[in-house]
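**Student:** Next comes the sequence, and after it the predicted model I'd like to discuss.
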Amino acid sequence: MEKDSSVDSLRGLACVLLVAYHVIGAQPDQGLRVADGTYLRYLNESLVHIRMPLFTFLSGYVYALRPLQGNGFDFALKKLRRLLLPMMVAATLYVGMQMLVPGTNRSYSLFLLYTGYPIAHFWFLESLLLIFLVLIPLEQGGLLRTRMVFLLIFSSACLISLLKFQPTLRFSINGAIYLAPYFLAGVAMHRFGFERAGLPARAVVALLALAGIGATQLGLSGLIEMDLGRQSLVGFAAGMTSVAALFLFRWRSDVLATIGVHSYAIYLFHVFGTAGTRIVFERLGLASQEMHLVLGLAAGIAAPIVLEKLLQRYDLPRLLLFGKSMQGRHRVSMASAGSG
């Protein structure tokens, strides 16, 4: 299957937004410790409805290109290998760094991690795994093949998300509830041909996205009092229309596409580059937040790419760190030899 550079470009954009988010810090006492009311804090908060929804929407779209066919058990095992295994390895390294390295913003415990408590940004991978596991019976039962039934399931997922259901169970179930509508929207984009929408339809979606973004800006600025939480109606509308508009216009960037090819490695390991850069700069007495942002962003993107390029040729690291099959490298080599 020929790779779509527009999908990789959007993956790259999502990576840039995510890494910048963690460089700045989710809270005023994290990352660069940016105070409330500053433009960097405003920038971070204004993109909350795009970052993770975009990652999830693209995951749904890519899944729809090669959907589940056949054995659901094998599909589940592959997702466990691809998502859970590297997540546990990367999260263990992350928690260890938080515990041992002076200058980190907060500490977690391995006990919380190993009992299913969502740790830092790794909650997304737990949520995505749950979505894939729920997807198996839906696909095998043919419930996502017709537009009417798909619409019913999608509407139910949206309603449950907007109800802000917050279960006490762990393993980021609430994250899966929040992201499920975006994943299903990505599936529908390919499965029902919405990606071929004409310019008028794309323009309407873009205008709706601009309206949603405008509403969130009014809320963030304090001009209008409204709920802007992740699972609020305004947040959901802004997020869904924004990611759909970004996708439908299929813009391409060679730089972002190059980043997007390594999006999984960046997601897993960018925090080591961003945190390391911040700690070093603080020790050197560099106080410019703008410089921290630019260099931390560069390190958070470059370090995982270098790591993947160096280690993906070795079976055990490619399995543990990136969830890739240990035999994948050998199959490629044998195919290349056969073609000669």
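**Tutor:** Thanks, I have it.

**Student:** what about residue 257, helix or strand, and which?
**Tutor:** Using DSSP states H and E, residue 257 sits in helix 254-261.

**Student:** Quick one: list the elements packing against that helix.
**Tutor:** When contacts are defined as 3 or more C-beta pairs under 8 Å, 6 or more residues apart in numbering; DSSP states H and E, helix 254-261 sits against helix 5-24. Quick note: C-beta positions are derived from backbone N, CA and C, even for glycine.

**Student:** I'd like the mean pLDDT over the helix it packs on, please.
**Tutor:** For helix 5-24, the mean pLDDT works out to 94.

**Student:** hmm, who's touching the very next helix or strand once past that helix?
**Tutor:** Next helix or strand after helix 5-24 toward the C-terminus (DSSP H and E): helix 39-46. Residues outside helix 39-46 that contact it (C-beta atoms under 8 Å, 6 or more residues apart in numbering) are 20-21, 24-26, 28, 32, 34-35, 213, 216-217, 220, 289, 293.

**Student:** Following the chain onward from helix 39-46, which element is next?
**Tutor:** Remark: after helix 39-46, the chain's next helix or strand is helix 51-65, criterion DSSP H and E.

**Student:** Contacts for that following helix next, please.
**Tutor:** Outside helix 51-65, the residues that reach it (C-beta under 8 Å, 6+ apart) are 1, 7, 10-11, 13-14, 17-18, 21, 124, 128, 132, 135, 179, 182-191, 195, 239-240, 242-244, 246-247, 263, 267.

**Student:** Also stretch 145-157?
**Tutor:** Residues from elsewhere that reach stretch 145-157, judged by C-beta under 8 Å, 6+ apart: 138, 143-144, 177, 180-181, 184-185, 188, 191-192.

**Student:** Helix or strand with the lowest mean pLDDT in this structure?
**Tutor:** Using mean pLDDT, DSSP states H and E, the weakest-scoring helix or strand in the chain turns out to be helix 328-339, at a mean of 38.

**Student:** Give the buried subset of the contacts of helix 51-65 as a PyMOL selection command.
**Tutor:** To isolate the buried ones among those in PyMOL, judged by 16 or more other C-beta atoms under 10 Å, type:
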select buried, resi 7+10+11+13+14+17+18+21+124+128+132+135+179+182+183+184+185+186+187+188+189+190+191+195+239+240+242+243+244+246+247+263+267
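
**Student:** now, which of the contacts of helix 51-65 lie within helices?
**Tutor:** Secondary structure defined by DSSP state H assigns 7, 10-11, 13-14, 17-18, 21, 124, 128, 132, 135, 179, 182-191, 239-240, 242-244, 246-247, 263, 267 of the contacts of helix 51-65 to helices.

**Student:** Count the residues that sit near residue 98.
**Tutor:** Number of residues near residue 98 (other C-beta atoms under 10 Å) recorded here: 18.

**Student:** let's number from 725 now, not from 1
**Tutor:** That works, and once the first residue is 725, the last one we named lands at residue 822.

**Student:** Would you check how far apart it and residue 909 are?
**Tutor:** 34 Å (C-beta to C-beta, to the nearest Å).

**Student:** Could you do residue 1020 as well?
**Tutor:** Relative to residue 909, and taking C-beta to C-beta, residue 1020 is found at 32 Å.

**Student:** One more: residue 965?
**Tutor:** 10 Å.

**Student:** Could I get the phi/psi values of residue 841?
**Tutor:** Per-residue torsions, residue 841: phi -80, psi 130 (degrees, to the nearest 10).

**Student:** swap that for residue 1008, please
**Tutor:** Main-chain dihedrals, residue 1008, degrees, to the nearest 10: phi -80, psi -10.

**Student:** confidence score at it?
**Tutor:** We have a pLDDT of 82 for residue 1008.

**Student:** Wait, residue 757 touches residue 748, no?
**Tutor:** No - with contact defined as C-beta atoms under 8 Å, residue 757 does not reach residue 748; the gap is 9.4 Å.
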